[in-house]
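[1] structure, please.
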Amino acid sequence: MSDIGSADEGVITGSKYNAPSNMESAGRGEFDVSSKAQQGQAEQELATKMLQIQSKRFYLDVKQNRRGRFIKVAEIGADGRRSQVYLALSTAAEFRDHLSTFSDYYASLGPPNPENLPEDGKLKSEMMTKDNRRYYLDLKENARGRFLRVSQTITRGGPRSQIAIPAQGMIEFRDALTDLLEEFGTSDGGYKGDLPEERHMKVDNKNFYFDIGQNNRGVYMRISEAELVCASARPLVIHVDRYKPSTMHRCESK
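    Prediction:
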């Protein structure tokens, strides 16, 4: 079977799945460290697993930085192109459970019928949320086969990253995740606390989104600007020493 497809994020060169592509930062969000110079010291790789599913390789890397532990899932296509998503350990546990559900559903399906494909290609869909991130899980079918597309968005209007897992490999993928979660648990670590919900404000043709986050370095506000014309978002992160909840009440939707 030919390759089912994935997000195109650059051709790989070097060792392992190698130097990051220009789009790698699209999926990192709070998992990133403050600068590349600090990354070697601040980010540690705790474990890794490699899966070969059809013509694709998948790397599951358990990493840790100041913000806690997470799993980076990198997909390498037959042509060397890479895409990746990032999962907090708690999100990875939820994803593992969804993989079981999707696998059971896939097993109940009859053989593919190229003459009777779903109109939008979707057979089953689910969504996961974690802080200001959303994950869309779509079991899809096209002329080349069935696959699970996992899409990650960081903020409204922000960049999207995605991987595509061949349906035949969902059980193997789930088992690999289970092994890692049994070893490292499902606690994300980092700073915990109650936060207000996202606030939205519209000014002329622009939308502004205000998100408050916490980690073990303190409290921060992410401000994303999205222009209606191009639907692009430019995030700005502000770290604050003392956060007053009343501040966010001024950012109500207009």
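
[2] please make it C-alpha for all contacts and neighbour counts, starting now.
    Fine.

[3] so how far is the first residue of stretch 149-162 from its last?
    7 Å (CA to CA, to the nearest Å).

[4] after the helix or strand hosting residue 182, next one along is what?
    Assigned by DSSP states H and E, residue 182 falls within helix 170-184. Using DSSP H and E, the helix or strand that follows helix 170-184 in sequence is strand 199-203.

[5] okay, buried residues for that following strand please.
    By 16 or more other CA atoms under 10 Å, the buried positions in strand 199-203 come out as 199-200, 202.

[6] got a pLDDT number for residue 171?
    As predicted, residue 171 sits at a pLDDT of 98.

[7] try residue 37
    At residue 37, pLDDT is 43.

[8] and residue 46, what does it touch?
    Neighbouring residues of residue 46 by CA atoms under 8 Å, 6 or more residues apart in numbering: 61-64.

[9] now residue 142: closest residue in space that isn't a chain neighbour?
    Sequence neighbours aside, residue 121 is the residue nearest to residue 142 in space, at 6.1 Å (criterion: CA to CA, 6 or more residues apart in numbering).

[10] contact partners for the one you found?
    140-142 are the contacts of residue 121 under CA under 8 Å, 6+ apart.

[11] ok, it to residue 145 distance?
    10 Å.

[12] next one: residue 66
    Taking CA to CA as the measure, residue 66 falls 41 Å from residue 145.

[13] which residue ranges of the stretch 51-200 of the chain form helices?
    Along the stretch 51-200 of the chain, counting by DSSP state H, counting those that start in this stretch, helices occupy 89-108, 170-184.

[14] report the buried residues of the last one.
    By neighbour count on 16+ other CA under 10 Å, the buried set for helix 170-184 is 170-171, 173-174, 176-178, 180-181, 184.

[15] nearest to residue 220 among those?
    Closest approach between the buried residues of helix 170-184 and residue 220, by CA to CA: residue 184, at 27.0 Å.

[16] report pLDDT for that closest one.
    As predicted, residue 184 sits at a pLDDT of 92.

[17] how about residue 31?
    64.

[18] and residue 168, by the same measure?
    96.

[19] check contacts around it.
    residue 147.

[20] measure it to residue 144 for me?
    Separation of residue 168 from residue 144 (CA to CA) stands at 13 Å.

[21] same thing with residue 154?
    Distance of residue 154 to residue 144, given as CA to CA: 29 Å.

[22] so between the two, which is more surrounded?
    More crowded of residue 154 and residue 144, by other CA atoms under 10 Å: residue 154, with 20 against 13.

[23] and the closest residue in space to that one that isn't next to it in sequence, what are its bridge partners?
    Nearest non-adjacent residue to residue 154, counting by CA to CA, 6+ apart: residue 133, 4.6 Å away. Beta-bridge pairing of residue 133 under DSSP bridges involves residue 130.

[24] and the gap between residue 133 and residue 151?
    Distance from residue 133 to residue 151, by CA to CA: 10 Å.

[25] for the protein, just list every one of the strands.
    44-53, 56-65, 68-76, 82-88, 122-130, 133-142, 145-153, 160-166, 199-203, 206-215, 218-227, 233-240 (DSSP state E).
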